[in-house]
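J.: I would like the atomic coordinates for the input below:
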Amino acid sequence: MLVFFNKLEKIANFEGKLAYLEFYYFVFLLYTYYRIISIVKKCKILHAKNCKQ
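T.: Residues are numbered from 1 along each chain as shown. As a prediction, the model looks like this:
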């Protein structure tokens, strides 16, 4: 029984680390998304003519 609980604890610990990584990945994606949007907006404002990508 004790071995079973030990295994469960290890699985929970591993899943906790995975959730942590997923959270950081999500934040990173959001940050990248906002960076791209801000760059595109600046580009449209500053160089409306020569910014065709």
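J.: and residue 40, how far from residue 28?
T.: 19 Å (CB to CB, to the nearest Å). Bear in mind the C-beta positions are built from the backbone N, C-alpha and C, glycine included.
J.: again with residue 17
T.: 16 Å.
J.: one more: residue 21?
T.: 10 Å.
J.: likewise for residue 12?
T.: Noted for residue 12: a distance of 25 Å to residue 28, by CB to CB.
J.: swap in residue 3?
T.: Residue 3 is 38 Å from residue 28, by CB to CB.
J.: the more surrounded of the two?
T.: Taking other CB atoms under 10 Å, residue 3 and residue 28 do not tie; residue 28 has more neighbours (10 against 7).
J.: now the strands for this structure?
T.: Counting by DSSP state E, the chain forms no strands at all.
J.: where does it dip in pLDDT?
T.: Low-confidence segments of the chain (pLDDT under 70): 1, 47-53.
J.: how far does stretch 16-26 sit from the chain's center?
T.: 8 Å (CA atoms, centre = their mean, to the nearest Å).
J.: buried residues of that stretch, list them for me.
T.: Residues of stretch 16-26 include none that count as buried (16 or more other CB atoms under 10 Å).
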